[in-house]
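**Q** need coordinates for the below:
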Amino acid sequence: MSHKITFRERGQGPLLILLHGYGGSVHHWDSIAESLSQTYRVVVPNLSHIYMSSDKLFFTVQIEVLARFIQENFPNQRVNVAGLSYGGALCWGLATHHPQLVKRTVLINPMVTDPIRHFLPKELKFFFSIPLNLKSVYVMLSTPMGRSFLKRSAQIFRDERSEGAVSVETLKGRKLQFVAHMIHHFAWILRSEDWAYWHTRLYTYRGDCRLIYDEQDLLFNQDAYRQFARHIGCEDIVTLTGAGHLAIKTQPEEVARLIQEFISTAVAA
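**A** All right, here's what the predicted structure looks like:
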């Protein structure tokens, strides 16, 4: 529990925390954070140290680290939280385990419980379900199948319109080693967590939330998102078109508007 979370902060007003996805960056929120800082005190934590910690933190432990971060830096406050993908999962986990800390939750293409089973791409199901050591992951990524996996992952998790085309299937040496480490670490988190516990625990979640997902998201399909919404009792569902999984980068204006609309309703009430 010694993991340090640094953060960027801007604006004044009701507190809003924005959580990036696994392997993502605080910069993914830049446009949205700048827009929302006109009305809110926007905090964007850098979660890389808990996502990729050398001692490997279970998903449940990561939630406790995040809760302590909020308690230490924003004592005696209830916060609004929005998260993308894996960051969205931390949102629903935090709101479930620590409802006293959370006012409202915005889930954007969130990771659902038992994620490997719900992944759409077969390549992702394969790579994240088989318990390979780090060296084996690196070797696998060097094969044609592995390069197909990298290319497919880039289509889901990168926004080529804003980040530029990236030929991840040609990575070699240290860059490929880093990607292998990230995949190996993420696979451990997904396989090691007790998702059956969370599946049961989430039946008790009745937080005030909005679910935003893209109708053609390549990671999870509409059925997975809508089933998850019913699971947690979330009736406020917004469907995007053409945003992809990294919606905060591809449609920042629309996502910012949807977040502000949802939170401002609560403030007015």
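**Q** pretty sure Trp195 is touching His118, no?
**A** No. Here Trp195 does not reach His118: they are 10.3 Å apart, not a contact under CB atoms under 8 Å. The C-beta positions use only the backbone N, C-alpha and C, and glycine is treated the same way.
**Q** check contacts around Met52.
**A** Shown in contact with Met52 (CB atoms under 8 Å, 6 or more residues apart in numbering): 181-182, 185.
**Q** next helix or strand past the worst-scoring helix or strand of the chain on mean pLDDT?
**A** Least confident element among the helices and strands of the chain, by mean pLDDT, DSSP states H and E: helix 160-163 (a mean of 47). The first helix or strand that comes after helix 160-163 along the chain, using DSSP states H and E, is helix 173-192.
**Q** that next one - contacts with which helices or strands?
**A** Helix 173-192 is packed against helix 115-118, helix 122-129, helix 134-141, with contacts defined by 3 or more CB pairs under 8 Å, 6 or more residues apart in numbering; DSSP states H and E.
**Q** buried ones in the very next helix or strand once past that helix, by neighbour count?
**A** Remark: after helix 173-192, the chain's next helix or strand is helix 195-201, criterion DSSP H and E. Neighbour counts over helix 195-201 (16 or more other CB atoms under 10 Å) mark 195, 198, 201 as buried.
**Q** who does Tyr213 bridge with?
**A** Thr239 (DSSP bridges).
**Q** residues in contact with it?
**A** By CB under 8 Å, 6+ apart, Tyr213 lies in contact with 108-110, 220, 222, 225, 237-240.
**Q** nearest to Arg147, of those residues?
**A** Proximity of the contacts of Tyr213 to Arg147 (CB to CB) peaks at Phe220, which lies at 23.6 Å.
**Q** so how far is Leu18 from the residue nearest to Ser37 when sequence neighbours are not counted?
**A** Using CB to CB, 6 or more residues apart in numbering and skipping residues adjacent in sequence, the residue nearest Ser37 is Gly11, 3.0 Å away. Distance of Gly11 to Leu18, given as CB to CB, to the nearest Å: 12 Å.
**Q** now do stretch 32-43, average pLDDT.
**A** Across stretch 32-43, the average pLDDT comes to 97.
**Q** for it, measure first residue to last.
**A** Start-to-end span of stretch 32-43 (CA to CA, to the nearest Å) is 11 Å.
**Q** same question for stretch 46-59.
**A** Chord length of stretch 46-59, first to last residue, is 16 Å (CA to CA).
**Q** any idea how far it is from the chain center?
**A** Distance of stretch 46-59 from its chain centroid, counting by CA atoms, centre = their mean, to the nearest Å, is 13 Å.
**Q** also stretch 115-130?
**A** 17 Å.
**Q** same question, stretch 102-114
**A** Offset of stretch 102-114 from its chain centre (CA atoms, centre = their mean): 8 Å.
**Q** likewise for stretch 237-251?
**A** With CA atoms, centre = their mean, you get 13 Å for stretch 237-251.
**Q** start the count at 32 instead of 1 going forward.
**A** With the count now opening at 32, the last piece we talked about shows up as stretch 268-282.
**Q** give the buried residues for that stretch.
**A** For stretch 268-282, by 16+ other CB under 10 Å, it's 268, 271, 274-282.
**Q** ok, now stretch 163-171?
**A** By neighbour count on 16+ other CB under 10 Å, the buried set for stretch 163-171 is 163, 168-169, 171.
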